[in-house]
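A.B. asks: For reference, the sequence and a predicted model appear below.
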Amino acid sequence: MIFKLIRLVFIGFLNFFILNILSAETNTELIALRGNTDAQIQMALFSFNKSPRDLQASKMWLEMAVMRNHPKACHMLGVHYQQGWGTPKNLSKAIKSWKRGAQLGNLKCIEKIVITYFERKEIITAYAWVDVLSSIHPSLSIPKKWTSREDLDEFDLSQIDKTKKLILESLNQVTGTQIYDPIDKSSSVIKISLPNGDKFEGNQINFVPNGFGLITRNNGTTFMGEFVNGVPNGFGTLISTKGVITYQGIWREGKPASIYKKVSNEQRSR
């Protein structure tokens, strides 16, 4: 009897603990959708660490934070591209994300760039980034293998200096990105399962997607964008099961504008 009681108490505590975790995640998700970058980072970590991992969702949350110039998100998104987490491996996109983080002063991003260029045998660029790192953080202890240049001639050294100057100029030019909060802070939002089994969260009217929202379909694809009467209508992004953007642009009545236009023309020609 005592063992049964202990077991029931344990199960009750476990269920309470799980519900609290799920509730915390849901609340964090809504805050993240309203544009809070710290919440977006948390959601990226939630998605990455849960079992099974949702690497595509993790990448999506990081992209939202990067749009709002979050330095840590730039580093993390770069690692996703480097490792192929939730997206095909793409070292060029990884470096691009790290460079953006470097513009925002993230030390880890600069270190990643240095390591990557050394691995790619792009020695001049690698040493130039080492010098950038030293000039930005003069008290930082730089590994000796990054500072030893005994095998370089005068021409190489001059090229390193020129490249360093170009990099420093680029770091002072943080490119702006159009920022928007996916869900308006004053709007009513829901998180529901639709009749066809798709999962939706975002703006709604009478439990029908209207306004900005995120929909995860049964086939594993994700759509993030504007809805009118339950279907994509306006600007939106369709992401494949592999984390690749398959279409980004204007949608009309649930279809990409180019396809919608083609169908409309065919109907008119009949």
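C.D. replies: Good, I have the coordinates.

A.B. asks: which residues touch stretch 212-222?
C.D. replies: Residues from elsewhere that reach stretch 212-222 (C-beta atoms under 8 Å, 6 or more residues apart in numbering): 33, 56-57, 60, 182-184, 194, 196-204, 209, 223-227, 238-241, 246. From N, CA and C alone the C-beta is placed, and that goes for glycine too.

A.B. asks: Can you show me the CA trace of that stretch as PDB?
C.D. replies: In PDB, the C-alpha atoms belonging to stretch 212-222 read as follows (Å, rounded to 0.1, in the frame of the first residue of the first chain):
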ATOM      1  CA  PHE A 212       0.900  36.500 -38.900                       C
ATOM      2  CA  GLY A 213       1.400  32.900 -38.000                       C
ATOM      3  CA  LEU A 214       3.500  29.800 -38.100                       C
ATOM      4  CA  ILE A 215       2.100  26.500 -39.400                       C
ATOM      5  CA  THR A 216       3.800  23.100 -39.200                       C
ATOM      6  CA  ARG A 217       2.300  20.600 -41.700                       C
ATOM      7  CA  ASN A 218       1.900  16.900 -41.400                       C
ATOM      8  CA  ASN A 219       4.500  16.400 -44.200                       C
ATOM      9  CA  GLY A 220       7.100  18.100 -42.000                       C
ATOM     10  CA  THR A 221       7.300  21.400 -44.000                       C
ATOM     11  CA  THR A 222       6.900  24.800 -42.200                       C
END
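
A.B. asks: buried set for it?
C.D. replies: 212-217, 221-222 (16 or more other C-beta atoms under 10 Å).

A.B. asks: now stretch 163-175
C.D. replies: For stretch 163-175, burial by neighbour count (16+ other C-beta under 10 Å) applies to 163-164, 167, 171.

A.B. asks: Kindly report the same for stretch 38-47.
C.D. replies: Quick answer for stretch 38-47 (16+ other C-beta under 10 Å): 39-44, 46-47.

A.B. asks: Relative to T116, which of those is nearest.
C.D. replies: A44 (21.5 Å; C-beta to C-beta).

A.B. asks: Output the contacting helices and strands for the one helix or strand the closest one maps to.
C.D. replies: Taking DSSP states H and E as the criterion, A44 maps to helix 37-49. Packed against helix 37-49 by the contact rule (3 or more C-beta pairs under 8 Å, 6 or more residues apart in numbering; DSSP states H and E) you find helix 2-33, helix 55-67, helix 71-83.

A.B. asks: buried subset of the contacts of stretch 212-222?
C.D. replies: 33, 56-57, 60, 182-183, 198, 200-204, 209, 223-227, 238-239.

A.B. asks: In strands only, show me the residues you listed.
C.D. replies: If you go by DSSP state E, the buried ones among the contacts of stretch 212-222 have 200-204, 209, 223-227, 238-239 in strands.

A.B. asks: what are the ranges of the helices in the stretch 51-200 of the chain?
C.D. replies: 55-67, 71-83, 91-103, 107-119, 123-136, 144-147, 154-171 (DSSP state H, counting those that start in this stretch).

A.B. asks: And the residue nearest to T237 when sequence neighbours are not counted, how far from K191?
C.D. replies: Nearest non-adjacent residue to T237, counting by C-beta to C-beta, 6 or more residues apart in numbering: Q248, 4.5 Å away. Plainly put, Q248 is 24 Å away from K191 if you go by C-beta to C-beta, to the nearest Å.

A.B. asks: Now flag whichever of the buried residues of stretch 163-175 is closest to I113.
C.D. replies: Using C-beta to C-beta, the buried residues of stretch 163-175 come closest to I113 at I167, 9.3 Å.

A.B. asks: quick revisit: how far is the helix holding A44 from where the chain is centred?
C.D. replies: 10 Å (C-alpha atoms, centre = their mean, to the nearest Å).

A.B. asks: hmm, who's touching it?
C.D. replies: By C-beta under 8 Å, 6+ apart, helix 37-49 touches 25, 28-29, 31-32, 53-55, 57-59, 61-62, 64-65, 68, 70, 72-73, 76, 85.
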